[in-house]
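**Q** Predicted model and sequence below, questions to follow.
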Amino acid sequence: MENLKFIVLAIAAAMIVTASCKPRESTDLATTGMILTKTSIIPKPVSVTATGEAFSLNSKTAIFVDAGSDEILRTGQYLADKLNATTGLAISVNEAQAEPGKGSIFLTLSGADQSLGEEGYTLDITRQKVKLTAVNPAGLFRGIQTIRQIALKDTLSAKGLFMIPTGTISDKPEYSYRSMMLDVSRHFFGVEDVKQVIEYLAFYKINTFHMHLSDDQGWRIEIKSWPNLTIHGGSTQVGGGKGGFYTQEQYSDIVKFAADRYITIVPEIDMPGHTNAALSSYPELNCDGKAPDLYTGTTVGFSSLCTRKEITYQFIDDVVREICALTPGPFFHIGGDESNSTKVDDYIYFVNRVQDIVAKYGKRVVGWDEIALSTLKPNSVAQCWANEENAKKAIAQGAKVLMAPAKKTYIDMKYDSTTHIGLHWAAFIEVDDNYNWDPASYIPGVTKDNIIGIEAPLWAETISTLEDIEYLTFPRLPGVAEIGWTPVSLRNWDEYKFRLADHARFFEEMGINYYKSPRVPW
Ligand code: TNX
């Protein structure tokens, strides 16, 4: 019986391979009536032309990459590792001496369409081979995520046969900054958990990982010139657990792990508010010279650095210098939110001085939208989370806006009133609410040209394990990734929800603890 089923499926597969359908414009490689070629790519590519046949991924398949580049070889190996893990095949990676032949997956920078830019790629799939072309190695890395998502498992897969539907995909992102933030301060998450999150980001072509490294409850990155920040300030967390911190070596390891996936780390030191852990570690940072106790609750807005003391700026200079030296990316996030116990004049004076310090170390400032109250440098970025007037102030000063409206992208918000973790001060955010909006028309007067990108922040007051992170992140992260990558004209919840439902197989394969939203047809 099993054998008969196999033969029938084999015949069906052979028919797909030989059937020659007319190429058609589509946003999917799906070919009507042929279950085997149904694909669900997230984020949805810009252009897809399906040709209705299939490339067979099997024990004879080999990956080839341009010769002479360790960087591209690494991307080839990454693809091989992922495909081998999910298929059980042993696909090898080779440097191509000439154009590789039948049965190959070829990753190359030659002949790329220059208009696809920094992260774009072209994928040409025929029955004979798969060819991935990009202007930059980053584009190849984005493109291999598409290959991972279209290598289809079916009954034949038990026999070592996986189908990749044929056609051409030409793809590039809508926004250059597509980000997730993880708060490692309210609860600390170790290096392995962080790397796991970065792996998830890579799968959805997200290119930025914002680490909220300090807050009232904990200081999480070693600063050699101010060691008590972590020894004392990193020693607890919300609820009074033991907290933790990254040594500089561990932070560098995270930076490298992300860079290997073309993901930029944006480190955040939140100031002048959200600084109780620092104030508790060094009495001289307080206006009254007295160090407060460590804090393990979840109230916001009560702490402030002493903005009129010179030592405050020496402290910030040291912190920014040490972190910038470990951070290759162009951004440094200065926080700046909810400084409710800093006078407005002091706040403005403070943010202006801190922008100069960040510039001195060669980085671009990102800050929560309140920083627009100060005099922004034209290359500063205001992260719009709450106050639309602040977003307008930022663009009036020539700065860009990073869209992270709490009502849409705060993935620490509960899905509905029954969600067991998360907050709900901004909204309940079901999966469709999270997906169904356009950054370029969300705030009247803030248009696409003003926007650098989009971020989903995950605050950690109520979460303490990787399973918790996963539950709030999935399935909302794929939607945020699609908003950042795919033009709004190609996005539609009623179509997206079926692709998302299909991604349950990836969530399950990766062991992700996801929320089975009733609004998604799983
Ligand atoms: C507001 S968003 C905060 C954080 C909290 C978060 C909880 C922002 C810039 N500040 O301090 O963790 O709400 O959702």
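**A** Now that the structure is in, tell me what you want to look at. Numbers count the residues shown, from 1 in each chain.

**Q** Kindly report the residues of the protein close to the ligand.
**A** V300, D337, E338, W368, W385, Y410, D412, L423, W459, E461 (CB under 6 Å from any ligand atom). Quick note: C-beta positions are derived from backbone N, CA and C, even for glycine.

**Q** Of those, just the buried ones, PyMOL syntax please.
**A** One line in PyMOL is enough to select the buried ones among the residues of the chain next to the ligand; burial here means 16 or more other CB atoms under 10 Å:
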select buried, resi 337+338+368+385+410+412+459+461
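
**Q** Now render the residues of the chain next to the ligand as a markdown table, adding pLDDT, distance to Q237 and secondary structure.
**A** Listed next are these as a markdown table, based on pLDDT from 0 to 100; distance: CB to CB, whole Å; DSSP: H, G, I helix; E, B strand; the rest coil:
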| residue | pLDDT | distance to Q237 | secondary structure |
| --- | --- | --- | --- |
| V300 | 96 | 15 | coil |
| D337 | 96 | 19 | coil |
| E338 | 95 | 19 | coil |
| W368 | 98 | 21 | strand |
| W385 | 96 | 22 | coil |
| Y410 | 98 | 20 | coil |
| D412 | 98 | 15 | coil |
| L423 | 98 | 16 | strand |
| W459 | 98 | 13 | coil |
| E461 | 98 | 10 | coil |
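
**Q** between the residues of the chain next to the ligand, which is nearest A396?
**A** W368 (17.5 Å; CB to CB).

**Q** quick one, what contacts the nearest residue to that closest one once chain neighbours are set aside?
**A** Residue nearest to W368 in three dimensions, not counting chain neighbours: D337, with 3.6 Å by CB to CB, 6 or more residues apart in numbering. Counting by CB atoms under 8 Å, 6 or more residues apart in numbering, D337 touches D270, G273, H274, G367, W368, D369, E370, W385.

**Q** next SSE after the helix or strand hosting the fourth one?
**A** Assigned by DSSP states H and E, G367 belongs to strand 364-368. For strand 364-368, the following helix or strand on the C-terminal side (DSSP H and E) is strand 381-384.

**Q** so how far is the helix or strand just after that following strand from its chain's centroid?
**A** Counting by DSSP H and E, the next helix or strand C-terminal to strand 381-384 is helix 388-396. Mean C-alpha position of helix 388-396 versus that of the full chain (CA atoms, centre = their mean, to the nearest Å) differs by 25 Å.

**Q** Other residues contacting helix 388-396?
**A** Counting by CB under 8 Å, 6+ apart, 369-373, 376, 380, 382, 384, 400-401, 443, 445-446, 450 sit against helix 388-396.

**Q** list the buried ones in that helix?
**A** Residues of helix 388-396 classed as buried: N390, A391, K392, K393, A394, I395 (neighbour count, 16+ other CB under 10 Å).

**Q** and stretch 334-353, which residues are buried?
**A** In stretch 334-353, counting by 16+ other CB under 10 Å, buried: 334-339, 342, 346-351.

**Q** domains of the chain?
**A** 22-171, 177-509 (automatic domain parsing).

**Q** got the end-to-end distance for the last one?
**A** Think domain 177-509. 28 Å (CA to CA, to the nearest Å).

**Q** average pLDDT across stretch 172-182?
**A** What stretch 172-182 shows for mean pLDDT is 98.

**Q** what would the contacts of D337 look like in TSV with distance to I42?
**A** Below are the contacts of D337 laid out as TSV (distance: CB to CB, whole Å):
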residue	distance to I42
D270	32
G273	37
H274	34
G367	30
W368	28
D369	29
E370	33
W385	25
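
**Q** ok, now which ones touch the residue of the stretch 351-500 of the chain found nearest the ligand?
**A** Per CB to the nearest ligand atom, W459 is where the stretch 351-500 of the chain lies closest to the ligand, at 3.5 Å. Contacts for W459 were tallied using CB under 8 Å, 6+ apart; they are D183, R186, H212, Y410, D412, L423.

**Q** Could you do S110 as well?
**A** D66, T133.

**Q** That one and A202, how far apart?
**A** Computed as CB to CB, to the nearest Å, the S110 to A202 distance reads 24 Å.

**Q** Would you map the strands across the stretch 301-450 of the chain?
**A** Along the stretch 301-450 of the chain, the segments classed as strands by DSSP state E, counting those that start in this stretch run 331-333, 364-368, 381-384, 400-403.

**Q** Name the strands paired with the last one and say parallel or antiparallel.
**A** Strand 400-403 pairs in its sheet with strand 381-384 (parallel), strand 451-458 (parallel), by DSSP bridges.

**Q** One more: the second one?
**A** On the basis of DSSP bridges, the sheet neighbours of strand 364-368 come out as strand 331-333 (parallel), strand 381-384 (parallel).

**Q** which residues sit against that strand?
**A** With CB under 8 Å, 6+ apart as the criterion, strand 364-368 contacts 210, 266, 268, 330-338, 351, 354-355, 358-359, 371, 376-377, 379-383, 385, 402.

**Q** with the contacts of D337 in mind, which one is nearest to E509?
**A** Closest to E509, out of all of the contacts of D337 and judged by CB to CB, is W385, at 33.2 Å.

**Q** Quick check: the closest one touching P457?
**A** Yes: taking CB atoms under 8 Å as the definition, W385 is a contact partner of P457 at 7.4 Å.

**Q** Check which residues of stretch 160-178 are buried.
**A** 161-175, 177-178.

**Q** Please read the previous query as pertaining to stretch 354-365.
**A** V354, Q355, I357, V358, A359, K363, R364, V365.

**Q** Kindly report the same for stretch 402-419.
**A** 402-415, 419.

**Q** re earlier: including pLDDT and distance to V319, could the buried residues of helix 388-396 go into JSON lines?
**A** JSON lines is the format used below for the buried residues of helix 388-396 (pLDDT from 0 to 100; distance: CB to CB, whole Å):
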{"residue": "N390", "pLDDT": "97", "distance to V319": "25"}
{"residue": "A391", "pLDDT": "97", "distance to V319": "27"}
{"residue": "K392", "pLDDT": "97", "distance to V319": "31"}
{"residue": "K393", "pLDDT": "97", "distance to V319": "27"}
{"residue": "A394", "pLDDT": "97", "distance to V319": "24"}
{"residue": "I395", "pLDDT": "97", "distance to V319": "29"}
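
**Q** could I get those as CSV with distance to T307?
**A** Formatted as CSV, these follow (distance: CB to CB, whole Å):
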residue, distance to T307
N390, 19
A391, 24
K392, 25
K393, 20
A394, 21
I395, 26
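
**Q** Can you tell me which of the strands paired with strand 400-403 is packed in deepest?
**A** strand 381-384 (a mean of 28; mean count of other CB atoms under 10 Å).
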